[in-house]
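J.: heads up, no residue letters with this:
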């Protein structure tokens, strides 16, 4: 719980002493420093905009709705795109209150330019998986199979977190991938496989799981060499930093972690 939220909760100390409310982290996952859902101030209100990595679209949309239901009078708007594109937008003055990145490198870019408030907190991890058409008609079983001349491969561009992860698994495996297209977000890669414009794409395991059968997934050992850690942080330009911090805490709470785990994300 942040210092700001503690100050907001001081008036509730008497009630807490009577056992009617608590700000403990007892329901956080074992070994985690995540705040409990009860630690998010129930009195917050207002509206914020959250810039989040494209791979978080389903989970954050769910968490946003849950947060609004639990905190009447709040409104959470989202902008989803590749993390590198979101950083550029924020640096160019786009109004945002919270940034959730699919890697630490893009969050570091904001911190380096003094646009982040405080220290971002890690909340999830993710690894790559090969997305293929249902039934895997090309019989792809490994990264080596993606180098065949008859396989139309799509990956993320290098500045995008999934592109950086792709470069790492290439290096770890010694495989030289030659994609026919490099996209600006992992959802664009997935979309090309779903639509049949590509035979295979390197996406996250969460993207395959969230595709609801529109693609199949092929796991590969080298994915463990490129684990992406997802941080979230409040931006200095936020006009409602209390609400922004409350949502950030909610993502890291036991409730938020349950939604993320169900979607296939790993623990930070």
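T.: Structure's in. What do you need? The structure displayed is predicted, hence computed values, not measured ones.
J.: C-alpha only now, for contacts and for neighbours.
T.: Will do.
J.: hmm, residue 153 and residue 182 touching each other?
T.: No: here residue 182 does not reach residue 153: they are 9.1 Å apart, not a contact under CA atoms under 8 Å.
J.: who has more neighbours, these two?
T.: Set residue 182 next to residue 153 and count neighbours by other CA atoms under 10 Å: residue 153 wins out with 27 against 19.
J.: beta partners of that one?
T.: Residue 153 has these beta-bridge partners by DSSP bridges: residue 200.
J.: OK, contacts around it?
T.: 146, 178-181, 198-201 (CA atoms under 8 Å, 6 or more residues apart in numbering).
J.: and if you look at residue 47?
T.: By CA under 8 Å, 6+ apart, the contact list for residue 47 reads 74-77, 240, 243.
J.: and the two most separated of these?
T.: 77 and 240 (13.1 Å; CA to CA).
J.: what sits in contact with each of these two?
T.: With CA under 8 Å, 6+ apart, residue 77 and residue 240 have common neighbours 47-48.
J.: who has more neighbours out of those two?
T.: Per other CA under 10 Å, whichever of residue 77 and residue 240 has more neighbours is residue 240, with 18 against 13.
J.: my guess is the more buried one contacts residue 46. True?
T.: Yes: in this structure, residue 240 is within contact of residue 46 by CA under 8 Å, at 7.4 Å.
J.: so in this structure, which strand runs the longest?
T.: Criterion DSSP state E: the longest strand present in the chain is strand 116-126.
J.: outside of it, which residues touch it?
T.: Taking CA under 8 Å, 6+ apart as the rule, strand 116-126 contacts 107, 110, 204-206, 227-236, 251-252, 257, 260, 264-268.
J.: before we move on, what about stretch 230-245?
T.: Under the contact criterion CA under 8 Å, 6+ apart, stretch 230-245 has outside partners 2, 4-5, 44-48, 95-104, 107, 115-126, 248, 268.
J.: can you put the contacts of residue 47 in CSV and add pLDDT, secondary structure and distance to residue 213?
T.: Below are the contacts of residue 47 laid out as CSV (pLDDT from 0 to 100; DSSP: H, G, I helix; E, B strand; the rest coil; distance: CA to CA, whole Å):
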residue, pLDDT, secondary structure, distance to residue 213
74, 97, strand, 34
75, 98, strand, 32
76, 98, strand, 29
77, 98, strand, 28
240, 97, coil, 39
243, 98, helix, 36
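J.: let me know the closest of these to residue 211.
T.: Among those, residue 77 lies closest to residue 211 (CA to CA), at 22.9 Å.
J.: and that closest one, how far from residue 199?
T.: From residue 77 across to residue 199, the span is 34 Å (CA to CA, to the nearest Å).
J.: do the same with residue 191
T.: Distance of residue 191 to residue 199, given as CA to CA: 11 Å.
J.: which SSE is residue 188 in?
T.: Element membership of residue 188 [criterion: DSSP states H and E] is helix 186-194.
J.: now for residue 79, how many residues are close by?
T.: Neighbours of residue 79 (other CA under 10 Å): 14.
J.: could you give the bridge partners of it?
T.: Counting by DSSP bridges, the residues bridging with residue 79 are residue 51.
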